[in-house]
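K.L.:
Any chance you can model this:
(2 chains, ligands or ions: 2)
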Amino acid sequence: MANLTLVQAINLALTQEMEADPRVVCLGEDVGKNGGVFRVTEGLQARFGADRVIDTPLAESGIMGTAIGLAMAGMRPIPEIQFEGFMGPAYDQLVNHAARYRTRTRGAITIPMVIRVPVGGGIHAPELHSDSPEAIYAHTPGLKVVMPSTPYDAKGLLIAAIRDPDPVLFFEPKRIYRAFREEVPEDEYTVPIGKAKVVSEGTDLTVISWGASITLCLEALDSLPEDISAELIDLRTIYPIDEDTIAQSVEKTGRCVIVHEAPKTCGMGAEIATIIQEKCFLHLEAPVQRVAGFDTVMPYYKLELDYLPDAKRIAEAIGQVMAY
Amino acid sequence: MPIRTVYKAQIEYLQILDEDGKLDEKLAKDTLTDEQVLFAYEFMLLCRAYDEIAFKLQRSGRMGTYPQNKGQEAAAIGSGMAAVKGRDFLVPCYRENAALFLHGLPMEKILLHWMGDERGNQIPEGVNMTPLSIPIGTQMLHATGIAWAYKMRKEDRCVITYFGDGATSEGDFHEAMNFATVFNVPCVFFCQNNQWAISVPRESQMASETVAQKGLAYGAHCIQVDGNDLFAVYKASKEAIDRARGGGGVTLIEAITYRLADHTTADDARRYRDEEEVASWRGKDPLIRLRKYLERKGMWNDAKQAAHDEKNKLQVAEIVKNAEGIERPSVDDIFDYTFGTELPAELQRQKATMRTTSLGQDPEQAGLHADRSRA
Ligand SMILES: Cc1ncc(C[n+]2csc(CCOP(=O)(O)OP(=O)(O)O)c2C)c(N)n1
Ligand SMILES: [Mg+2]
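P.N.:
Residues are numbered from 1 along each chain as shown, chains lettered A, B, ... in the order given. Ligands and ions are numbered 1, 2, ... in the order given. Modelled structure (predicted):
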């Protein structure tokens, strides 16, 4: 066991999978000599060489598209897109090719790769370095979408993603890259894709979230009156959604608040609320509530904390749902 | 059929003021007047002072990430002076502050931008430029479109767009060059090849020997210039702009320069580049070169330098005061610029309540049921 940050846990997972599987290569802008702009790939090039930890030209379509080719030819590429705001040029390759190849070739060609992308706001970053686009990709058939909120899960989910036979988008919430440490086992292990985690058990209400917002939910839960027993679910995998864990919880509690940074309209909260009304309609005691980003452009950092859900907004929503 | 050559090409390199401040008089003819050179040097000093203060603001926690322009001032000013303020249009990246200031951008705007404030992007009416562009390479297409509009309307003006060496790897660069040349729009592509794209050196970024030659494939006029040489940058830019305005075609200018600082304040270049390399470029600093030239001509001395340093310090302090003194932006601003039409109902509710929960957005409903649960 070692006490690691999220960044270190990801680095450890990459190191161990590269050690174990010569097909695994990392590629992207500044991932090699510089160890990535967040130092996630620190030390990897020194250890595995510039042929396996590759500084690419500055071209996201190029990174994504050639990673697809590498995967087709039997490699296990792990492309990095430096920030979520720069997925744009890679979108065509990811959505129109990576996500569709298995289906359109009826399984003859598959694309096993993991696309690592730092996401989310709250770090006072320049423009286009703070968005939360997970719903766009959850809405893309053929992609799995993962977002860990702890170092332990980050390592286990990344290893699971690398061993998955299909393209997995691995979103790394940059706000908690170094926010806290956690005991992470030395040995390799997987956290299954598609399984949510009950972070804390409760009976009165279910709070569902993922990524950096989990920390804020915990803060909100701490601030609640003693007599409210809240259950917190960390989705961990955005797609495929763990419907069972959600349904079991809401059947028990009858109330639910969903929290995410992304804009409210057509965010993942909408999908989860729908799952709840499909599966738990007769158990509901109150309308499902969302605490989300506004339906606006993510503001530049002077105003980002006014945009991002915080513990206070979450606690207020919980209060309203409890009072209903 | 014999084999024959169907295409031959070469790229010329232009230098007029060498590293020792010696001028090639013949090439310099009809470029810049003494007054213009003096003005350029003084403006470079001001921009350097600004850049250094911006760096310090970040280091002392008063500003977020900032990309220093240090070492690239001649490229920005030389090209900026070749364009005509109020007539031509600038489409920048983020490392040519001097050109933007020269064309009338209030200097606090760039600080405001890096202080995380969209008002830093709000270009005043009559100032011909787009704001800084963060997604690399994307802005060249806008420049092409703007120039295209000028052509459609037969306006006698042109666009100059700035980008780095790394940006020429993006597909958008190639699409922009192709559109610009196919439609023969009045656009000048100005690449500041500062040898690095964050940690990736030019040799790893591309296998082509020059950036300039990339334009040949699209039928553009292409030239490489010493980007730390004010005269060469000015001359090449002026020719390109005049040609563009006359319908004579698109030019790609590769200005060879060097990023003397880290990529941004969030970067640590010592991780990936040798100090010797940086040191060798410090001597090629465009400010040193121009000062040598002016001193040799008797147009500059230590006293003048000291006076200007003092004056610039005060001026930059005033700019910082303006940037820091601005009132906090209103949270309404998050919503109010989303559309030019009325805000959709849901967005109006979000704005009125700063909530995304439907209960919280509807106090009546929330209150009603709160009463019920209490009863
Ligand atoms: C589309 C896109 N990808 C990645 C980035 C991250 N990034 C910011 S600057 C930069 C390097 C740019 O290099 P260059 O074009 O040479 O300009 P320079 O910074 O050297 O002036 C990178 C990779 C970005 N801003 N946009
Ligand atoms: Mg560069």
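K.L.:
contacting residues around stretch B:302-317?
P.N.:
The contact list for stretch B:302-317, computed with Cβ atoms under 8 Å, 6 or more residues apart in numbering or on different chains, reads B:42, B:45, B:46, B:49, B:50, B:53, B:291. Heads up, the C-betas are built off the backbone N, CA and C, glycines and all.
K.L.:
Same list, those residues, but as a markdown table with distance to residue A:238, secondary structure and neighbour count please.
P.N.:
What follows is these, written out as a markdown table (distance: Cβ to Cβ, whole Å; DSSP: H, G, I helix; E, B strand; the rest coil; neighbours: other Cβ atoms under 10 Å in any protein chain shown):
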| residue | distance to residue A:238 | secondary structure | neighbour count |
| --- | --- | --- | --- |
| B:42 | 55 | helix | 16 |
| B:45 | 52 | helix | 19 |
| B:46 | 49 | helix | 20 |
| B:49 | 48 | helix | 20 |
| B:50 | 44 | helix | 22 |
| B:53 | 43 | helix | 18 |
| B:291 | 57 | helix | 20 |
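K.L.:
which of those sit farthest apart?
P.N.:
Every pair in the contacts of stretch B:302-317 was compared (Cβ to Cβ); the two farthest apart turn out to be B:53 and B:291, at 20.4 Å.
K.L.:
The nearest residue to residue B:252 once chain neighbours are set aside: how many residues sit nearby?
P.N.:
For residue B:252, ignoring the flanking residues on the chain, the nearest one in space by Cβ to Cβ, 6 or more residues apart in numbering or on different chains is residue B:215 at 3.2 Å. For residue B:215, the tally of surrounding residues (other Cβ atoms under 10 Å in any protein chain shown) stands at 27.
K.L.:
so residue B:131 touches residue B:120, yeah?
P.N.:
Yes: distance between residue B:131 and residue B:120: 7.3 Å, which falls inside the contact criterion (Cβ atoms under 8 Å).
K.L.:
For chain B, just list every one of the strands.
P.N.:
With DSSP state E as the definition, chain B shows strands at residue ranges B:13-14, B:89-91, B:159-164, B:187-193, B:196-197, B:200-201, B:221-226, B:251-256.
K.L.:
what's the most buried one of these?
P.N.:
Per residue and on average, the most neighbours among the strands of chain B fall to strand B:187-193, with a mean of 31 (mean count of other Cβ atoms under 10 Å in any protein chain shown).
K.L.:
Against which helices or strands is it packed?
P.N.:
Applying 3 or more Cβ pairs under 8 Å, 6 or more residues apart in numbering or on different chains; DSSP states H and E, one finds that strand B:187-193 contacts helix B:73-82, helix B:139-152, strand B:159-164, helix B:171-182, helix B:230-245, strand B:251-256.
K.L.:
between those, which one is nearest to residue B:14?
P.N.:
Shortest separation from residue B:14 across the helices and strands packed on strand B:187-193 is recorded for helix B:230-245, at 4.6 Å, computed as Cβ to Cβ.
K.L.:
Next, the buried residues of the closest one.
P.N.:
Residues of helix B:230-245 classed as buried: B:230-241, B:243-245 (neighbour count, 16 or more other Cβ atoms under 10 Å in any protein chain shown).
K.L.:
which stretches of chain B have low pLDDT?
P.N.:
When the per-residue scores of chain B are filtered using pLDDT under 70, the ranges that remain are B:363-375.
K.L.:
Please identify the residues of the stretch 251-375 of chain B in proximity to ligand 1?
P.N.:
Residues of the stretch 251-375 of chain B lying close to ligand 1 by Cβ under 6 Å from any ligand atom are B:259, B:263.
K.L.:
and if we set it to 8 Å?
P.N.:
For the stretch 251-375 of chain B, the residues in contact with ligand 1 under the definition Cβ under 8 Å from any ligand atom are B:259, B:263, B:264.
K.L.:
residue contacts, the closest residue to the second one other than its chain neighbours?
P.N.:
Spelled out, that is residue B:263. Counting by Cβ to Cβ, 6+ apart, residue B:198 is the residue found nearest to residue B:263 once chain neighbours are left out, at 4.6 Å. If a contact means Cβ under 8 Å, 6+ apart, then residue B:198 has A:29, A:30, A:34, A:37, B:166, B:263, B:267 as its contacts.
K.L.:
show me where the stretch 1-150 of chain A has helices.
P.N.:
Counting by DSSP state H, counting those that start in this stretch, one finds helices in the stretch 1-150 of chain A at the ranges A:6-20, A:44-48, A:60-72, A:91-93, A:101-104, A:134-138.
K.L.:
How about the fourth one, which residues are buried there?
P.N.:
For helix A:91-93, the buried set under the neighbour-count rule, 16+ other Cβ under 10 Å, comprises A:91, A:93.
K.L.:
which other helices and strands contact that helix?
P.N.:
For helix A:91-93, the contact count by 3+ Cβ pairs under 8 Å, 6+ apart identifies helix A:60-72 as packing neighbours.
K.L.:
other SSEs contacting the helix it packs on?
P.N.:
For helix A:60-72, the contact count by 3+ Cβ pairs under 8 Å, 6+ apart identifies strand A:24-28, strand A:76-80, helix A:91-93 as packing neighbours.
K.L.:
and it, how far out from the chain's middle?
P.N.:
On the basis of Cα atoms, centre = their mean, to the nearest Å, helix A:60-72 is displaced by 21 Å from the centre of the chain it belongs to.
K.L.:
how close does the spatially most central residue of chain A get to residue A:261?
P.N.:
When Cα atoms, centre = their mean is applied to chain A, the residue found nearest the centroid is residue A:147 (1.6 Å). Distance of residue A:147 to residue A:261, given as Cβ to Cβ, to the nearest Å: 10 Å.
K.L.:
between these two, what contacts are shared?
P.N.:
When contacts are counted by Cβ under 8 Å, 6+ apart, residue A:147 and residue A:261 have residue A:211 as shared neighbours.
K.L.:
before we move on, the earlier item: can I get the contacts of stretch B:302-317 in JSON lines with distance to residue B:321?
P.N.:
Written out in JSON lines, the entries for those read as follows (distance: Cβ to Cβ, whole Å):
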{"residue": "B:42", "distance to residue B:321": "22"}
{"residue": "B:45", "distance to residue B:321": "20"}
{"residue": "B:46", "distance to residue B:321": "16"}
{"residue": "B:49", "distance to residue B:321": "15"}
{"residue": "B:50", "distance to residue B:321": "13"}
{"residue": "B:53", "distance to residue B:321": "11"}
{"residue": "B:291", "distance to residue B:321": "29"}
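K.L.:
Return the closest of those residues with respect to ligand 1.
P.N.:
The shortest approach to ligand 1 among the contacts of stretch B:302-317 belongs to residue B:50, at 17.1 Å (Cβ to the nearest ligand atom).
K.L.:
hang on, isn't that closest one packed against residue B:107?
P.N.:
Yes: between residue B:50 and residue B:107 there is a contact at 6.5 Å, judged by Cβ under 8 Å.
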